[in-house]
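Colleague: need a 3D model of the sequence below.
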Amino acid sequence: MKSAIKSIQPLGAQWPTQDPFLFCAFHNDVFPEGNQEMAPKANLSGRNIGQDFSGKDGWNMYHGSKVPGFPAHPHKGFETVSIVEKGLVDHSDSLGAAGRFGNGDTQWMTAGGGVMHSEMFPLLNETEKNEMLFFQLWLNLPRAKKNVAAHFKMMWNEQIPIVTIKDNNGLETTFKIIAGEFEKVRSLAPAPDSYAADPDSEVGIWLIKANPGSTFTLPEVPSNVDRSLFFYSGEQIEIDEQIVAENKAIVLGDQSSYRIKNGDKEAHFLYLQGKPINEKVVQHGPFVMNSNQEIQEAVGEFQRTQFGGWPWGSHEHVHDKSKGRFAIHADGKIENK
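Modeller: This next block holds a predicted model:
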């Protein structure tokens, strides 16, 4: 019998996705203890500081020079969905907005017409290692939304719906619903101009945790909806009569339901679905538009305006060490957790 699975691919640092998603960056670092400056309490020699993706000792500095992370950089024409299951992210942007989020939180940022932001990873724990488990999805915007006003929304861990199901043996699987609907439970609303804000887009983003030996089902979806399942931690699963080991991207080939039998270890998955936008994608680094001319215009606009300029003292700005999880929005709204 012909398999309904389109492809099975190995996972790397950037995971291949399907329209309307552009890609998924996956960060899983076990940082050392932090110092008073929230930087690694470690010798940084042997690292290419400013461009450290070596994975030395199980962690990276990325583009950070003192604190790991991604100093100020622009985005335009798409959205970032930053799902931080472990660790913390310090956000600062050209709109004057800021935040510290993580340990289960998600930030949904529509870059739209343009924003510059930084994402730094403060190491607050000085006595134990600081683990980071972080997915960043790039979700495309259709032509009509490419230039909407930049905006971010916080989805705090305490508010994100989780659905727990049991199989016939009483073994549990949990579904954390970042976007979309599962078992008639709807996610929090995404950013207002998001492609996902239209229910007809059928965008779904779920984190799935399966107990050892458990069985669960991915439900059928409407026609023209593409789906991918990223099996990033566990042992093996059985799906569509195939055995698949961990660290694989599984592209599902039809709209029917899929029964998945987990192996002997707890398994973790990221599930993505959505109707394709089906527009031409022209990408130049952090700019995603529909034509080369629009890319040139976007680059020119950033060079002229810096998308509002940088109001912070450093392109690697981190918030005060004493701060907890919080968000300050461009309109002055403050959230504290």
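Colleague: which residues in this protein form helices?
Modeller: Chain-ordered helices for the chain, with DSSP state H as the definition, fall at 292-305.
Colleague: so which residue is dead centre in it?
Modeller: Gln136 (2.4 Å; C-alpha atoms, centre = their mean).
Colleague: report the beta-bridge partner residues of the closest residue to that residue other than its chain neighbours.
Modeller: Of all residues not flanking Gln136 in the chain, Ala25 sits nearest, at 4.5 Å (C-beta to C-beta, 6 or more residues apart in numbering). All C-beta spots, glycine's among them, are computed from the backbone N, C-alpha and C. Beta-bridge pairing of Ala25 under DSSP bridges involves Gln14, Gln136.
Colleague: Ala25: what's it in contact with?
Modeller: 13-15, 135-136, 138 (C-beta atoms under 8 Å, 6 or more residues apart in numbering).
Colleague: any idea how far it is from Asn125?
Modeller: 23 Å (C-beta to C-beta, to the nearest Å).
Colleague: where does the stretch 151-300 of the chain have low pLDDT?
Modeller: Applying pLDDT under 70 to the stretch 151-300 of the chain flags no residue at all.
Colleague: name the nearest of the contacts of Ala25 relative to Asp240.
Modeller: Of all those, Trp15 has the smallest distance to Asp240: 20.1 Å, by C-beta to C-beta.
Colleague: the closest one: neighbouring residues, count only.
Modeller: Other residues near Trp15 number 21, with proximity taken as other C-beta atoms under 10 Å.
Colleague: wouldn't it be in contact with Ile250 here?
Modeller: No. If you go by C-beta atoms under 8 Å, Trp15 and Ile250 don't touch, sitting 11.2 Å apart.
Colleague: who touches both of these two?
Modeller: Phe230.
Colleague: skipping adjacent residues, who's closest to Phe230 in space?
Modeller: In space, Phe230 is closest to Leu270, 4.3 Å off (C-beta to C-beta, 6+ apart).
Colleague: that neighbour: neighbouring residues, count only.
Modeller: 24.
Colleague: check contacts around it.
Modeller: 24, 135, 205-208, 229-230, 232.
Colleague: repeat that for 7 Å
Modeller: Applying C-beta atoms under 7 Å, 6 or more residues apart in numbering to Leu270 gives the contacts 135, 207, 230, 232.
Colleague: so it bridges to which residues?
Modeller: Assigned bridge partners for Leu270, using DSSP bridges, are Leu207, Phe230.
Colleague: that one and Thr174: what is the separation?
Modeller: Noted for Leu270: a distance of 13 Å to Thr174, by C-beta to C-beta.
Colleague: hey, C-alpha coordinates of stretch 130-144 in CSV?
Modeller: Provided in CSV are the C-alpha atoms of stretch 130-144 (Å, rounded to 0.1, in the frame of the first residue of the first chain):
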residue,chain,number,x,y,z
ASN,A,130,20.6,27.7,32.1
GLU,A,131,18.8,25.6,29.5
MET,A,132,17.2,27.1,26.4
LEU,A,133,14.6,25.3,24.3
PHE,A,134,13.3,27.8,21.8
PHE,A,135,11.4,27.5,18.5
GLN,A,136,11.1,30.5,16.2
LEU,A,137,8.7,30.1,13.3
TRP,A,138,8.7,32.5,10.4
LEU,A,139,5.1,32.7,9.1
ASN,A,140,4.6,34.5,5.8
LEU,A,141,2.2,37.4,5.3
PRO,A,142,0.0,37.6,2.1
ARG,A,143,0.6,40.6,-0.2
ALA,A,144,-2.3,42.5,1.3
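Colleague: tell me the mean pLDDT over that stretch?
Modeller: Mean per-residue pLDDT for stretch 130-144: 98.
Colleague: show me what counts as buried in it.
Modeller: Judged by neighbour count (16 or more other C-beta atoms under 10 Å), stretch 130-144 contains these buried residues: 130, 132-141.
Colleague: now do stretch 330-337
Modeller: Going by 16+ other C-beta under 10 Å, stretch 330-337 has these buried residues: 330, 337.
Colleague: swap in stretch 156-163?
Modeller: Result for stretch 156-163 [16+ other C-beta under 10 Å]: buried residues 156-157, 160-161, 163.
Colleague: what does that stretch rub up against?
Modeller: By C-beta under 7 Å, 6+ apart, the residues outside stretch 156-163 that reach it are 103-106, 174-178, 182-183, 185, 187-188, 337.
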